[in-house]
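Asker: build me a structure from this.
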Amino acid sequence: MLLTIAIYVLSPAIATVAGVAVYMYFKDHNPPHFHAKDGSDEAVYDFEGNTIKGKISPKKSKKVKKWAEENRSFLEDQWDEFQK
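Answerer: Have a look, this model is predicted:
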């Protein structure tokens, strides 16, 4: 039996929002998204700041959402770079 293992390399944080580290993975799957990590909690967001999966505290999640809304073009540029 052949076992296939996908390896994702976590990039350096692209931002920190209210103590929450914001990351993107190299060569990640669509749709475009980013990961937010706060201690052991992690959530995935689209570029409009909507939670796709996972969970961080509601207060911090609200700040991440606002940041994403205000920095959408930055997120799009970062996504394009990480997909090369």
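Asker: please make it C-alpha for all contacts and neighbour counts, starting now.
Answerer: Will do.
Asker: name the surrounding residues that touch the helix or strand encompassing Lys62.
Answerer: Following DSSP states H and E, one finds Lys62 within helix 58-70. Under the criterion CA atoms under 8 Å, 6 or more residues apart in numbering, residues Val17, Ala18, Val20, Ala36, Phe47, Glu48, Gly49, Asn50, Lys55, Leu75 lie in contact with helix 58-70.
Asker: again, 10 Å this time
Answerer: For helix 58-70, the external contacting residues (CA atoms under 10 Å, 6 or more residues apart in numbering) are 15-22, 34, 36, 38, 43, 45-51, 55-56, 71, 74-75.
Asker: Ala21 contacts Val44, correct?
Answerer: No: judged on CA atoms under 10 Å, Ala21 makes no contact with Val44 at a distance of 11.7 Å.
Asker: between these two, point out the one with more neighbours.
Answerer: When Ala21 and Val44 are compared for neighbours, Val44 comes out ahead with 21 against 18, by other CA atoms under 10 Å.
Asker: so which of the contacts of helix 58-70 are in helices?
Answerer: Members of those lying in helices (criterion: DSSP state H): Phe74, Leu75.
Asker: average pLDDT for the helix holding Lys62?
Answerer: The average pLDDT within helix 58-70 is 97.
Asker: could you dump that helix to PDB, C-alpha only?
Answerer: In PDB, the C-alpha atoms belonging to helix 58-70 read as follows (Å, rounded to 0.1, in the frame of the first residue of the first chain):
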ATOM      1  CA  PRO A  58     -15.000  36.000  19.900                       C
ATOM      2  CA  LYS A  59     -13.300  39.300  21.000                       C
ATOM      3  CA  LYS A  60     -10.000  38.500  19.100                       C
ATOM      4  CA  SER A  61     -11.900  37.000  16.200                       C
ATOM      5  CA  LYS A  62     -13.800  40.300  15.800                       C
ATOM      6  CA  LYS A  63     -10.500  42.100  15.600                       C
ATOM      7  CA  VAL A  64      -9.100  39.700  13.100                       C
ATOM      8  CA  LYS A  65     -12.200  40.200  10.900                       C
ATOM      9  CA  LYS A  66     -11.800  43.900  11.000                       C
ATOM     10  CA  TRP A  67      -8.100  43.700  10.200                       C
ATOM     11  CA  ALA A  68      -8.900  41.400   7.200                       C
ATOM     12  CA  GLU A  69     -11.500  43.800   5.900                       C
ATOM     13  CA  GLU A  70      -9.100  46.700   6.100                       C
END
